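> Got a predicted structure here, sequence first:
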Amino acid sequence: MLWLARRIGISICLVWIVASIVFLAIRLIPGNPAELLLSQGGVAPDPRAVTELKRELGLDRPLWTQYWASMDDLLHGNLGNSLEDGTPVMSEVLFRLPRTLELIFAAGLFAALVGVPAGTLAANRQGGLFDRFAGWLAGLALAVPVFVTGTLLILLFAVNLQWMPAGGYVPFLQNPLQHLVLLAMPALTIGAGLAAAVFRMTRSAVLDVARRDHVRAARAKGLSPFRVLRRHVLRNAMLPVVTVFGLQLGALLGGTVLVEYVFNWPGLSSLLVEAVNARDYTEVQGIVLVISVLFVALNLLIDLIYAALDPRVRLQ
Amino acid sequence: MRRFPWLAAMAVCVIALTAVLAPVLLLASPVRIDIAHRLGGASAAHPLGRDELGRDELSRLIWGARSSLTVAFGASLLAGVIGIGFGVLGGFFRGVVELLTVRTMDIVLCFPPLLLALLVVTVLGPGIGTLIPVLALLFLPGFTRVAYAGVLATRALDYVEAVRVLGVHPTRIMLRTILPNIGGPLFVQFSLAVAAGVILESGLSFLGLGVVPPTPSWGLMIGAARATMTQDPALLLWPCLALSGTVLSINALCDGLGERADPHGVVRWRRSGLLGALLPGLAPPAGAVLALADLTVAIETPSGTIHPVREVSLSVGAGETLALVGESGSGKTLTGLALLGVLPDAARVTTGAAWLEGREILRLDPAARRTLTGSRLAMIFQDPTSSLNPLHRVGAQIVEAIRAHQRIGRRAACIRALSLLRKVGIADPEQRLDAFPHELSGGMRQRVMIAIAIANEPRLIVADEPTTALDVTIQAQILDLLATLQRTSGLAMIFITHSLPVVAEIAERVAVMYAGEIVEEGAVAEVFAEPRHPYTSALLASAPDEGGSPPRPIPGTIPQPHALPKGCAFTPRCPRVLAACEATHPPLLAIAAGHRSRCIRATEA
């Protein structure tokens, strides 16, 4: 339990550091946000308007005061209002977030369901036909960037074959079937690369564990090959795979930007791109913060899962 | 060791060279707009046609490579230089410096990478000048860690320690050893960073947040070609192909180098290797629990097939202990694994027969073989720490062994496991049942391994150096336990060891192995008192003696299995070698009742 408390404490510290960095990053912009916001189109802004906006945004106050106010808001779940349309950033984030999470979940599910069995099979027949073919395919999937895969999928299935729409989003409750059809291509696009990564990790972990003494000892008990594989090889091989897979899923928070853009999927990442293009600094700050908090929370969750899988961790 | 990945290396070189030489390749201008000929098809002047603004596609592709690689190389180089600096400083000075250089990297890792890039681009605005520092920031933790780990590893090297003890500051020797040590991992890290840089640059440019038009970039080209993909899909395919091909080449180079560094190499899986039919008339000696005849084990290695166990014949009766002794690499353990049917994938039995209680087992199909393994014959391994699965409770690992061979429920198996733990002398068996292996001491773990081995009341136990990994006091306890178990149940035991005092204590007969063969076999008292093979004599002389004569080590080393001498394997180290010894391989001959030797001079006085 001490371990858990310590781990949670570290996570809270990390969130605080991230929030501070994001806060500073926005304020350290050369020429400050108010000026940049008003100087669209390359025309120098009216100094009075800049002063006015600065006062309105509270940017004229001392940095320390701003920092306290900002942290206080954060503690109350307030991410401020969008500079563009004045709506609370928090509500917009909560509206878009589930769509991105759904995309990540679907891609992760696909990757785990394909990558783990394929990696195990390849390791069991190392150097065999399947191993070589799957390894080659995984190398390809890892080399092709997601926006290329996505664009090519659209070119093939939406433009040439016209089997599917090129992209878009329909809420699940409005039309479940259409929702899933629209989810398939972006999820597959992300899932392909992810599955390749899971395949490689699983393969090398299984190969590594299969060489260990305890697997030989398990075989010497006269257990069936399947049972040796499941209980003594796969169970142990999953430890590193879970960790790296979790990190990869975490990188997808915000990493779905390109796929959401390609498939017109209105998730949190596309909101971020919109905010970046509109120079909506409060919104950028809010989104980055939320994603970072989720990222830290996910890492904590991975550690917990790891501890559940590996009894040796619980003692430390 | 695999071949150097020439193909990938050449592809990377060609791509990099094309990008470098772009200005002198006499290409059409990549930025000159010609709206009148927009989407113009291929022609002699424009081999890949023109884009949506009438610009030459081939030229834009090549100049695009230049933008991509400039950003990727620039960022990787910057991250590499700073990262190595941070890592070396952190590993060198530790303390506060370590905190500032290595631990701060964890903050970078708190942000999902693309998100961090977007955040910085928001602050600094798009463009090549922004991309390089942004990507460098993303790659920094990777380089820092590789360098840091390299420095720590170098610090721990014996000679660096030695220099430090002498009072010399190890700066110079470290600088001279660190870079060669981490050169390989750093190069792989660098290549991975370049590949990631190409992907990130094109992705950000695709979103309009990377390279600023009109500078050509693959990401920008793909983004623009999406609008016209119904009219001219080729415009979309070219940059996609260039981008994926570049990343693929760099990745293939990294993978190739990584596999070359992997000491394990690829073992080709072989299903074949069925033993030939048993020769008619060959029958087991009566009364033996186990009889082994002419066992030969082959292993496939990258440099050819080797035979680490050759024509080993043994037999052991009920209640008897046969000690199998020899140096490391003499084939003792492989012989045991072959008996159990748990050889590594690369190894297989090529000839021989083994009769367990009169039944030949080497030719059984795998399923039938498994019903014997762990029940009629069992094995105790050298290192109990690595031989227990760290993730499962001790009780579950015993129960698993019981239920593999007995049709009983989980509860009944638990009760049986409890009594087994009691039998092997574990106090508080109820609590130990729920313990994980790491919660037990080494001696206790070996007791658990013994409990697993005797779980199904075997007739034969192969004990592979069961006390080597234990403290001296624990060793004696484990030996006592094994002797007691053997006395009470009358099981046969093959005791593999390199310790002659242990042999004298526990075994009735001894078989001495050298370079994969048995060189002498007989009753322990007889062999020890009057060895009839020079290797046995040398082995006895090399053991510490209570009488006070100092141990004499055997000169030379055991020959490698792929470079065995033509004649007797011991000739290079033998003090009594003759010309005849080097000419022909001597057979194992009986020199007295129950005493065999492979030395041609065995019967000389």
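Sure thing, it's come through. Just so we're clear, the structure is a prediction, and the values are computed from it rather than from any experiment.

> those helices in the stretch 51-200 of chain A, which residues are they?
Here the stretch 51-200 of chain A has its helices, by DSSP state H, counting those that start in this stretch, at A:63-75, A:89-124, A:129-143, A:146-153, A:176-210.

> If you could redo that for the stretch 251-400 of chain B, that was the one I meant.
Ranges of helices in the stretch 251-400 of chain B, per DSSP H, counting those that start in this stretch, are B:332-340, B:366-372, B:384-387, B:394-403.

> okay, now A:Gly119: neighbour count?
Burial of A:Gly119 is recorded as 29 neighbouring residues (other Cβ atoms under 10 Å in any protein chain shown). Quick note: C-beta positions are derived from backbone N, CA and C, even for glycine.

> Likewise for the one 3 residues further on?
Other residues lying near A:Ala122 total 25 when counted by other Cβ under 10 Å.

> Tell me where the model's unsure across the chain.
Because you didn't say which chain, this covers chain A. Of all residues in chain A, those with pLDDT under 70 make up the ranges A:1, A:29-45, A:314-316.

> hm, I was asking about chain B
Applying pLDDT under 70 to chain B picks out residues B:1-3, B:159-160, B:164, B:167-181, B:259-284, B:545-548, B:605.

> repeat that for 50
With pLDDT under 50 as the threshold, chain B has low-confidence stretches at B:1, B:269, B:271-272.

> Could you chop it up by domain?
When chain B is parsed into structural domains using automatic domain parsing, the resulting residue ranges are B:57-264, B:290-376+B:458-597.

> Going by secondary structure, the residue in the stretch 1-150 of chain B that chain A sits nearest to is in what exactly?
Closest approach between the stretch 1-150 of chain B and chain A, counting by Cβ to the nearest Cβ: B:Leu115, at 3.3 Å. Assessed by DSSP states H and E, B:Leu115 sits inside helix B:113-124.

> other SSEs contacting that helix?
For helix B:113-124, the helices and strands in contact under the criterion 3 or more Cβ pairs under 8 Å, 6 or more residues apart in numbering or on different chains; DSSP states H and E are helix A:2-27, helix A:257-262, helix A:268-277, helix A:281-309, helix B:128-156, helix B:171-206.

> Please name whichever of these is nearest to A:Arg211.
Closest of the helices and strands packed on helix B:113-124 to A:Arg211 is helix A:281-309, at 20.1 Å (criterion: Cβ to Cβ).

> what's the distance between the closest one and the middle of its chain?
9 Å (Cα atoms, centre = their mean, to the nearest Å).

> which strands and helices sit next to it?
Judged by 3+ Cβ pairs under 8 Å, 6+ apart, helix A:281-309 is in contact with helix A:2-27, helix A:89-124, helix A:235-252, helix A:268-277, helix A:311-315, helix B:113-124.

> Tell me what angle that helix forms with helix B:113-124.
Between helix A:281-309 and helix B:113-124, the angle formed by their directions is 160 degrees, by axes from the mean of the first three to the mean of the last three Cα atoms, to 10 degrees.

> Helix A:281-309 versus helix A:2-27: what angle between them?
Computed by the same axes, to 10 degrees, the angle separating helix A:281-309 from helix A:2-27 equals 160 degrees.
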